[in-house]
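Asks: Build me a model:
(one chain, ligands or ions: 3)
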Amino acid sequence: MKSFFVTGTDTEVGKTYFSARLLEAYAEKGLRVTGYKPVSAGCEMVDGQPVNEDALALWQASNTSVSLQQVNPVALMPPIAPHIAAEQAGVTISKNQLVDGYHNLMASRPDVLIMEGAGGWQLPLGNNLWMPDIVSALELPVIMVVGMRLGCLNHAMLTAQAISHSGLSLHGWVANQLTPTPMPYYEQNLQTLKESINAPLLAELPYHDDALSRSRLVNILT
Ligand SMILES: Nc1ncnc2c1ncn2[C@@H]1O[C@H](COP(=O)(O)OP(=O)(O)OP(=O)(O)O)[C@@H](O)[C@H]1O
Ligand SMILES: C[C@H](N)[C@H](N)CCCCCC(=O)O
Ligand SMILES: [Mg+2]
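Replies: Ligands and ions are numbered 1, 2, ... in the order given. Here you go, the predicted structure:
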């Protein structure tokens, strides 16, 4: 049984894209997999239920018998910083609730559980609670998705440092291409990251090349 927390260098860098591809890859290998998006912001009402795109993608990539609500216990409507959305909705997010949400999913006996954060690493959840507090409570190893665009060097190094300062382990990182054409000097940027981040590069995710991504991803957690 393996669980990982997936963080990223920012919002919109491919955490969900990577997490869903990873779950699919392990499901194809015959493993029981589930995603967990403890807190989402940005939902549509479907049949009276708030539905978040990330949660839906992770739920669809899961193959254990879990509900969308179990995959995403805190679903906030506006696509804004979650602690602000929570305050607007009169919702208090607690550590116990999110830790319990994790154990709730573990009851479905997944071989692999992928928990996705929201935004970047240092995400406030309100009342002096932060997403890293949940990751620490669960003692999860972390995978960092680096969105390969200008500015990612600083973001990646700060994120890796913050993970390490939290006493958590950076299992590895993924270079994700966000555009059809790689960023200028992609290889040089990748090299700089390899030399600066004290954890292995697990995969290079091309832009929209799902089949290739899957075959490359299959062994990254072994
Ligand atoms: N390798 C890729 N190829 C094609 N499209 C991608 C790739 N990575 C990400 N995208 C697209 O970029 C957008 C942002 O990706 P994604 O939603 O995975 O980001 P995120 O880090 O999970 O953001 P959030 O902080 O909102 O959770 C999405 O539309 C996604 O489909
Ligand atoms: C709405 C968005 N897509 C994410 N779900 C939430 C991103 C929160 C970012 C908070 C911040 O660091 O400023
Ligand atoms: Mg996401």
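Asks: residues in contact with the residue of the chain found nearest ligand 3?
Replies: Of all residues in the chain, Thr16 sits closest to ligand 3, at 3.3 Å by C-beta to the ion. To be clear about C-beta, it is placed using only N, CA and C from the backbone, and glycine gets the same treatment. With contact set as C-beta atoms under 8 Å, 6 or more residues apart in numbering, Thr16 has these partners: Glu53, Asp54, Ala57, Leu58, Glu116.
Asks: Let's verify the second one: helix, strand, or coil?
Replies: Applying DSSP: H, G, I helix; E, B strand; the rest coil to Asp54 yields a three-state assignment of helix.
Asks: Test my guess that it contacts Gly117.
Replies: No. Judged on C-beta atoms under 8 Å, Asp54 makes no contact with Gly117 at a distance of 10.1 Å.
Asks: all helices of this structure, in order?
Replies: 15-28, 53-61, 68-71, 82-89, 95-106, 131-138, 152-165, 186-196, 210-217 (DSSP state H).
Asks: Now do the closest residue in space to His208 that isn't next to it in sequence against Glu187, distance only.
Replies: Of all residues beyond its chain neighbours, the one nearest His208 is Pro180 (7.4 Å), with distances taken as C-beta to C-beta, 6 or more residues apart in numbering. Pro180 sits 17 Å away from Glu187, going by C-beta to C-beta, to the nearest Å.
Asks: The residue lying closest to Arg214 once chain neighbours are set aside - how many residues pack around it?
Replies: Spatial nearest neighbour of Arg214, chain neighbours left out: Ala25 (4.7 Å); criterion: C-beta to C-beta, 6+ apart. By other C-beta atoms under 10 Å, the residues close to Ala25 number 24.
Asks: which residues of the chain score low on pLDDT?
Replies: 211, 218, 221-222 (pLDDT under 70).
Asks: Enumerate the residues of this protein near ligand 3.
Replies: With C-beta under 5 Å from the ion as the criterion, the chain meets ligand 3 at residues Lys15, Thr16, Asp54.
Asks: Could I get the residues you listed in TSV, plus columns for distance to Trp130?
Replies: Below are the residues of the chain next to ligand 3 laid out as TSV (distance: C-beta to C-beta, whole Å):
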residue	distance to Trp130
Lys15	17
Thr16	20
Asp54	19
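Asks: Now cross-check those against ligand 1 and list the overlap.
Replies: Filtering the residues of the chain next to ligand 3 for proximity to ligand 1 by C-beta under 6 Å from any ligand atom leaves Lys15, Thr16, Asp54.
Asks: gap between Asn63 and Ser3?
Replies: 16 Å.
Asks: just Ala85 next, same as before
Replies: 26 Å.
Asks: ditto for Met144
Replies: Using C-beta to C-beta, one gets 16 Å for the distance from Met144 to Ser3.
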